[in-house]
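**Student:** make a model of this:
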Amino acid sequence: MDLPYVDRMWLLGNILACSDSKLIDWEKGTCAFESDYFRALLETIRDMPETGTSREGTLDITNSEGLLYYMPIGDVWMASIPARAFGENYCFPGLPELGNVFFPQHSFGISSLSSHKQECWEFLRQFWTRQQAEKFWLSPRRDVIRQQINQQWESAVKGEYDRFHPHARQAMEDLYSVMDSVTIAARHDPQIWAIVWQEASAYFSGGRSIEDTMRNIQSRVSLYLAEQG
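**Tutor:** Numbers count the residues shown, from 1 in each chain. Take a look at the predicted model:
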């Protein structure tokens, strides 16, 4: 994987949130930061640039010599960026070892202690209605995503810039298939991330061994999960 424009902590934070039960089992209140999976993750991230450079997505891909490229996608048309760079010789593999992951921009929850659960559900349901779902760049509804794909392609044809993105329609269809087979919803916990950030930073700077880093994270996160339970 060649990601010269992504800094190591940004990537570590994203993969941590997407790792699901490989690192944290919220139902059991356990974690696995002394696992081979996390060791391999730390060793891989260590070799990433400490700071990244923001550049236009197509250039990032065409300048990369890696087989995999990590690319956040915020709307269906962004699927045309790798399509423009790679042509037909590309696919969306998801995250190796993890599969297809959805990383929500906003998360909502209902407290088990709330005495107004029904009212909370009514509030949340509004985001799933067609009218509200059309306001999302990436809608939570399949029918609205399908509509967005059609509208984006119609706009491309009408503006005659479809010739610059000949594979864009197929790319959006491929993205739709990936979203339809999501297996993991990413979960970001600020407290756990603060622990991983602090301990991993010491490892990346050479001030701590990987064994001590993993052991410290395991101990601190285990204590945090116990407190939450």
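
**Student:** what is the rounded mean pLDDT of stretch 37-57?
**Tutor:** On average, the pLDDT along stretch 37-57 is 78.

**Student:** hmm, who's touching it?
**Tutor:** 1, 3-8, 10-12, 15, 19, 22-23, 32, 71, 78, 81-82, 85, 97, 200, 203-204, 210, 213-214, 217 (CB atoms under 8 Å, 6 or more residues apart in numbering). Quick note: C-beta positions are derived from backbone N, CA and C, even for glycine.

**Student:** how far does the longest helix seen in the chain sit from the chain's center?
**Tutor:** In the chain, with assignment by DSSP state H, the single longest helix is helix 210-228. For helix 210-228, the gap between its own C-alpha mean and the chain's C-alpha mean amounts to 23 Å (CA atoms, centre = their mean, to the nearest Å).

**Student:** what residues sit buried inside it?
**Tutor:** Within helix 210-228, the residues that qualify as buried are 213-214, 216-218, 220-221, 224-225, counting by 16 or more other CB atoms under 10 Å.

**Student:** what's near enough to touch residue 175?
**Tutor:** Neighbour list for residue 175: 73, 76, 79, 92 [criterion: CB under 8 Å, 6+ apart].

**Student:** relative to residue 169, how far out is the first one?
**Tutor:** Just to be clear, that refers to residue 73. 16 Å (CB to CB, to the nearest Å).

**Student:** likewise the last one?
**Tutor:** Taking CB to CB as the criterion, residue 92 is separated from residue 169 by 15 Å.

**Student:** okay, these two: which has more neighbours?
**Tutor:** Using other CB atoms under 10 Å, the more surrounded residue of residue 92 and residue 169 is residue 169, with 19 against 15.

**Student:** excluding chain neighbours, what is closest to that one?
**Tutor:** In space, and not counting its chain neighbours, residue 169 is closest to residue 153: 5.1 Å by CB to CB, 6 or more residues apart in numbering.

**Student:** now do the contacts for the one you found.
**Tutor:** Contact analysis of residue 153 by CB under 8 Å, 6+ apart lists 162, 168-169, 172.

**Student:** would you reformat those residues as JSON lines and include distance to residue 42 and pLDDT?
**Tutor:** Converted to JSON lines, these look like this (distance: CB to CB, whole Å; pLDDT from 0 to 100):
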{"residue": "162", "distance to residue 42": "44", "pLDDT": "87"}
{"residue": "168", "distance to residue 42": "37", "pLDDT": "89"}
{"residue": "169", "distance to residue 42": "40", "pLDDT": "91"}
{"residue": "172", "distance to residue 42": "35", "pLDDT": "92"}
